[in-house]
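> Give me a 3D structure for the following:
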Amino acid sequence: MVGDDIVPASAVGVVVNLTVVSRGGGTHLTVGPSAGPSSNGSTANTPAGATRANSTMVELDRSGSFTVTNGPGVAEVIVDLLGWIGPTGSSQLVPRVDPVRILDSRDGTGLAGPGAFGPGVVVERLAAGQVLSGVAVPSNATALLVNITAVDATMATHITAHPAGLAPPTSTVNVGAKQARANLAAVSLSADGGYAMRNNSGSVHVVIDLLGWFVPASGGSSPSSAFALQSPARAVDTRDGTGTGAGGHPGPATNVGPGQTLEVTGRLLAGAPSNAASLILMVTADRPSAATHLTVFAGGRPMPSTSTVNLPSGETVANLVVVPAGAAIAVRNNSGSVDVIIDLVGWLVPASP
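This is a model prediction of the structure:
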């Protein structure tokens with residue numbers, strides 16, 4: 001992969017969207033560098049007979065490779081390349097402290113009015129140089145870091161997010177009928193600063209939460225950060241109490257109830273360095289007793305009106321999130337009771353001036 005016409009030889013990581021098509025039994029995928037210790041984390045989960053997608057950032061080994069390992073079931077795997085991460089980066093991420101909702105077709109936020117996306121419909125919006133839900137996106141932004149949620153689909157479909165004017169043969173969010181699914185995406189912007197979303201089948205509502213943006217490494221009006229990636233490492237697991245105690249130590253094995261917030265150690269989570277500005281986490285919600293969503297945010301901050309992981313009762317769903325590395329990280333569960341699993345994928349440190 002590295003050194004070809006797509007990914008430069010200097011790349012140290014890639015951003016990919018994994019789609020898992022179950023062909024026999026539920027399963028999960030683990031992604032990490034091809035050489036090095038095996039990971040105890042998970043990246044994508046799918047029940048028997050279902051199709052699920054999830055994005056992640058993957059560290060590459062010295063040969064420029066990474067490995068996708070399948071769990072107990074039989075599955076077909078599709079990998080879409082969204083971008084790559086260089087040692088210093090041709091662009092840098094400016095993460096937001098508080099996520100903000102910039103589009104919601106249910107109430108018309110960010111659109112001309114409310115209304116679901118119909119089959120084959122493409123919606124284009126400007127971002128660079130615009131004020132989105134009170135947030136000024138710089139004019140030199142080259143991509144957005146967003147969480148895209150598909151809600152209330154009338155039939156199985158997928159949403160593709162892409163630069164305005166360009167429709168690649170890929171998918172960003174895969175969702176079944178009458179379900180809600182979320183996926184983190186780094187969406188490149190067109191030359192005029194626009195992005196687009198296409199719905200494949202039926203009608204579906206689309207919700208977009210803004211987590212940050214990318215700017216050229218040479219400049220930007222806001223402090224930017226450089227990436228550091230690792231093999232996913234299990235940091236928190238409420239099923240056995242991993243990381244639920246004070247200071248990230250083991251604690252009681254207990255799930256998170258309706259309306260409850262789990263707070264876990266932030267900056268030192270699973271060995272993140274003390275100068276980490278933000279953490280890159282894979283957050284998994286495991287078999288809730290009712291349909292629910294999790295919201296992940298910086299501890300001590302007001303809870304944003306956004307969501308991170310959406311899932312029906314009884315399923316296991318993961319999603320990537322970038323969250324400030326403060327004293328604590330908060331995970332709020334909306335409904336029912338659910339186990340929460342957090343894997344540390346990497347972190348962001350302040351970029352060198």
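> Tell me which other helices or strands the worst-scoring helix or strand of the chain on mean pLDDT touches.
When each helix and strand of the chain is scored by mean pLDDT, DSSP states H and E, strand 225-237 comes last, with a mean of 85. Counting contacts by 3 or more C-beta pairs under 8 Å, 6 or more residues apart in numbering; DSSP states H and E, strand 225-237 is packed against strand 27-33, strand 51-59, strand 91-104, strand 261-265, strand 278-286, strand 339-350. Heads up, the C-betas are built off the backbone N, CA and C, glycines and all.
> Ok, which of the ones you listed comes nearest Phe214?
Among the helices and strands packed on strand 225-237, strand 91-104 comes nearest to Phe214, with 4.4 Å by C-beta to C-beta.
> Moving C-terminal from that closest one, which element do we reach first?
Counting by DSSP states H and E, the next helix or strand C-terminal to strand 91-104 is strand 122-126.
> what about Thr265, distance to Ala327?
8 Å (C-beta to C-beta, to the nearest Å).
> ok, the two, which is more surrounded?
Ranked by neighbour count (other C-beta atoms under 10 Å), Thr265 and Ala327 place Thr265 first, with 21 against 12.
> what residues are up against that one?
Thr265 is in contact with 243, 246-248, 327-329, counting by C-beta atoms under 8 Å, 6 or more residues apart in numbering.
> swap the cut-off to 6 Å and go again
Thr265 sits next to 247-248 when contact means C-beta atoms under 6 Å, 6 or more residues apart in numbering.
> before we move on, what about Val122?
If a contact means C-beta under 6 Å, 6+ apart, then Val122 has 196, 198 as its contacts.
> switch to 8 Å and redo it
Contacts of Val122 by C-beta under 8 Å, 6+ apart are 167, 196-198.
> likewise Ile341?
Counted by C-beta under 8 Å, 6+ apart, Ile341 has contacts 42, 234, 236-239, 283-284, 286, 318.
> Distance of Leu279 relative to Gly299?
Distance of Leu279 to Gly299, computed by C-beta to C-beta: 12 Å.
> what touches both of the two?
266, 329.
> Could you check which of the two has the larger neighbour count?
Taking other C-beta under 10 Å, Leu279 and Gly299 do not tie; Leu279 has more neighbours (26 against 18).
> isn't the more buried one right up against Ala272?
Yes. In this structure, Leu279 is within contact of Ala272 by C-beta atoms under 8 Å, at 5.8 Å.
> Between those two, which contacts overlap?
Once C-beta under 8 Å, 6+ apart is applied, the residues that Leu279 and Ala272 both contact turn out to be 325, 344, 347.
> Tabulate those residues (JSON lines), appending distance to Val135 and neighbour count.
As requested, the shared contacts of Leu279 and Ala272 are arranged in JSON lines below (distance: C-beta to C-beta, whole Å; neighbours: other C-beta atoms under 10 Å):
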{"residue": "Ala325", "distance to Val135": "21", "neighbour count": "25"}
{"residue": "Leu344", "distance to Val135": "27", "neighbour count": "23"}
{"residue": "Trp347", "distance to Val135": "23", "neighbour count": "26"}
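> Flag the shaky bits of the chain, pLDDT-wise.
Scanning the chain with the threshold set as pLDDT under 70 gives 1-5, 36-38, 88-90, 218-225, 267-270, 351-353.
> all helices of it, in order?
Using DSSP state H, the chain contains no helices.
> quick one on the thing from earlier: now the helices and strands packed on strand 225-237 as TSV including distance to Ile6?
Formatted as TSV, the helices and strands packed on strand 225-237 follow (distance: least, C-beta to C-beta, whole Å):
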stretch	distance to Ile6
strand 27-33	18
strand 51-59	15
strand 91-104	16
strand 261-265	37
strand 278-286	22
strand 339-350	21
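> so which of these comes closest to Val14?
strand 51-59 (5.4 Å).
> That closest one vs strand 278-286, what angle?
Our comparison of strand 51-59 with strand 278-286, counting by axes from the mean of the first three to the mean of the last three C-alpha atoms, to 10 degrees, yields an angle of 150 degrees.
> and strand 51-59 with strand 339-350, angle?
40 degrees.
> So which bits of strand 51-59 are buried?
The neighbour-count check on strand 51-59 (16 or more other C-beta atoms under 10 Å) flags 51-59 as buried.
> Measure how far the least confident helix or strand of the chain is from the centre of its chain, please.
13 Å (C-alpha atoms, centre = their mean, to the nearest Å).
> Quick check: the gap between Thr292 and Ser313.
In terms of C-beta to C-beta, Thr292 sits 8 Å off from Ser313.
> Give me the common contacts of those two.
Overlap of the contact sets of Thr292 and Ser313 (by C-beta under 8 Å, 6+ apart) consists of Gly336.
> Between those two, point out the one with more neighbours.
Legend: neighbour count by other C-beta under 10 Å for Thr292 and Ser313, higher for Thr292 (22 against 13).
> hey, where'd the strands end up in the stretch 101-250 of the chain?
With DSSP state E, counting those that start in this stretch, the ranges of strands along the stretch 101-250 of the chain come out as 122-126, 131-132, 135-136, 143-151, 157-163, 173-175, 180-188, 194-199, 205-216, 225-237.
> buried set for the fourth one?
Neighbour counts using 16+ other C-beta under 10 Å place 143-151 of strand 143-151 among the buried residues.
> Arrange these in JSON lines, one row each, with distance to Pro95 as further columns.
Output for those, formatted as JSON lines (distance: C-beta to C-beta, whole Å):
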{"residue": "Ala143", "distance to Pro95": "13"}
{"residue": "Leu144", "distance to Pro95": "12"}
{"residue": "Leu145", "distance to Pro95": "7"}
{"residue": "Val146", "distance to Pro95": "12"}
{"residue": "Asn147", "distance to Pro95": "13"}
{"residue": "Ile148", "distance to Pro95": "17"}
{"residue": "Thr149", "distance to Pro95": "19"}
{"residue": "Ala150", "distance to Pro95": "24"}
{"residue": "Val151", "distance to Pro95": "25"}
